[in-house]
Structure formats: structure tokens, C-alpha cells
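Participant: return a 3D structure for these sequence lines:
(one chain, ligands or ions: 1)
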Amino acid sequence: MSVAIAIDGPAGAGKSTISKAAAKQLGFIYIDTGALYRTVGLAASRRGVEPVEGKEVEKMLASIKVELTFNDKGEQVVLLDGEDVSGLIRTPEASMMASKISAIPAVRAYLLDLQRDMAKKGNVILDGRDIGTVVLPDADVKIFLTAAPEARAERRYKELVEKGMDVKYEDILADVKERDYNDSHRAIAPLKQADDAVLADTTEVDLQGSIDLIVSIIKERT
Ligand code: DC
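Facilitator: Coordinates of the predicted model:
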């Protein structure tokens, strides 16, 4: 029997970095579900489709193809109509678009089966917002990974600056707070800790400490 781990939490809590490292250490496949919402958001931006519920978004969903694959280094690659958009979906604009588009029920329904199919590929760690509550309610281990908004904004700021992007900390903090609000107040599959999830708060914990914490939570429970 393969094992499925759900790691949910707000933007910038280090979910992807920590989940990826934990998966590597445990020999699990790591799946970043936010990349799927980002890809749908990118499709909407490119087509000039407003990220609001309605026929336009539904029409777009019917005409795009979103795929999740892995390169020879085992890294996740997302394809939009066959094009590798893994890098293009990592801008602050793409983050905001993803947050808005992910509130649309048709978008969530569109990505649900894709995520569930990916979870059947073996021992997996899926990270997202609603993995433990909606996508994999029977996950073997559920972790809610969070940190204070200021700590998350600081981390994201450093990450973007390292990538050479010209960004301001205040803007990132405002974005983090806006996305938190959007993600946890949407009507469908809002960001919230599953009743049976273990809470991991990394505000005061460094990256290595956070990875060790997640690996130990998973090992203890599987
Ligand atoms: O994890 P991320 O920042 O790449 O996610 C981008 C957006 O996608 C985020 O604002 C919320 C949304 N999302 C979601 O609604 N459900 C998921 N399982 C993953 C991401």
C-alpha cells in the first residue's frame, strides 16, 4: 500500500521547499498542487480572461490542457498546452492571479481529478491548501504548516530577490495578507486546518529544523 501525505498551509510557510526536501529524504514523490492553479491563472492572463466565476473561465478550461510531469532530475514540470511554464508561474503577478482563479468552483473541479490521479503514483507528498480537507481526506498523515505573515513575507522577499526580482518587502507582506484572506475566505475549499491534521508552526524554526520536524512527524505516523 502506498502512503499519501497531505501538507496544507498558507502562502510562504515554506511548504514547497520543506515538502520537497522531506520527500527527497523519505524517497517519496513530491507534488506541488499550487503550480496547477498558477498554470490555470497564467492561461487566463494570456487570454485576457477575468478570474471571476462565469462562462468565460469555463470556456477557457474546456480549451486548455494542464499536465503535471517530472523531468529527469525528478523535478516537477507543469505543462500548459504542451509548453513548460514551470518558471513563468513563479512571479508575484502569477501568485495573485492563482489566488483569485482558485476561488472559482469550476477551476477547483477541473483540477481535482488530476490531483487525485497524481496521488496514486506511489508514496507521495502533496502540498496545497485543501489536500487534507478535500483532495485526499483519507491521507495517511495530514500536516498544517504555517508561520506568522511577517516571517512568511520575509522569506518570500529573500527568495525573489535572490532570483534577481525587483520587489519591496511591504508589497510582499501586503500580498501575503491579501492571499491569506482570499485563500481562507473563499466559499469553496477554503484554507483551513483539517480536524485530524498536525499543526507545525515554523515562525521560529529555521529551514533545516522545519524539514526535520516534518520528516519526524511523517515517520512517527507511517
Ligand atoms: O502554493 P502556491 O502559493 O503556489 O498556490 C498558489 C495559489 O493556488 C494560492 O493562492 C492558493 C491556490 N491553491 C489552492 O487553492 N489549492 C491548492 N491545493 C493549492 C493552491
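Participant: CA atoms for contacts and neighbours, from now on please.
Facilitator: Noted.
Participant: would you mind listing what in this structure touches the ligand?
Facilitator: 11, 33-35, 37-38, 95, 98-99, 102, 128-131, 179, 183 (Cα under 6 Å from any ligand atom).
Participant: which two of those residues have the greatest separation?
Facilitator: Using Cα to Cα, the residues of the chain next to the ligand span at most 18.6 Å, a distance reached by Ser95 and Ile131.
Participant: quick one: which of these two has more around it?
Facilitator: In this view Ser95 and Ile131 are compared by other Cα atoms under 10 Å, and Ile131 has more residues nearby, 28 against 22.
Participant: assign Leu79 to helix, strand or coil.
Facilitator: strand (DSSP: H, G, I helix; E, B strand; the rest coil).
Participant: actually Val205, not the one I wrote
Facilitator: coil.
Participant: now do it against Leu213, distance only.
Facilitator: Using Cα to Cα, to the nearest Å, we find Val205 at a distance of 9 Å from Leu213.
Participant: go on, Thr133?
Facilitator: From Thr133 to Leu213 the distance is 22 Å (Cα to Cα).
Participant: who has more neighbours, the two?
Facilitator: Using other Cα under 10 Å, the more surrounded residue of Thr133 and Leu213 is Thr133, with 22 against 18.
Participant: OK, contacts around the more buried one?
Facilitator: Neighbouring residues of Thr133 by Cα atoms under 8 Å, 6 or more residues apart in numbering: Ala189, Lys192, Gln193, Ala194.
Participant: closest to the ligand out of these?
Facilitator: Ala189 (7.4 Å; Cα to the nearest ligand atom).
Participant: quick check, the closest one in contact with Asp130.
Facilitator: Yes - the criterion here is Cα atoms under 8 Å, and Ala189 meets it with Asp130 at 6.0 Å.
Participant: if we can go back for a sec, if you rank the contacts of Thr133 by neighbours, which is first?
Facilitator: Busiest of the contacts of Thr133 [other Cα under 10 Å] is Gln193, holding 21 neighbours.
Participant: roughly how far is the helix or strand hosting Ala35 from the heart of the chain?
Facilitator: Ala35 is part of helix 34-47 when elements are defined by DSSP states H and E. Using Cα atoms, centre = their mean, to the nearest Å, the distance from the centre of helix 34-47 to the centre of the chain it belongs to is 13 Å.
Participant: tell me the average confidence for stretch 210-218?
Facilitator: Taken as a whole, stretch 210-218 carries a mean pLDDT of 97.
Participant: any buried residues in the longest helix along the chain, and which?
Facilitator: As assigned by DSSP state H, the longest helix anywhere in the chain is helix 169-185. The neighbour-count check on helix 169-185 (16 or more other Cα atoms under 10 Å) flags Tyr169, Ile172, Leu173, Asp175, Val176, Lys177, Arg179, Asp180, Asn182, Asp183, Ser184 as buried.
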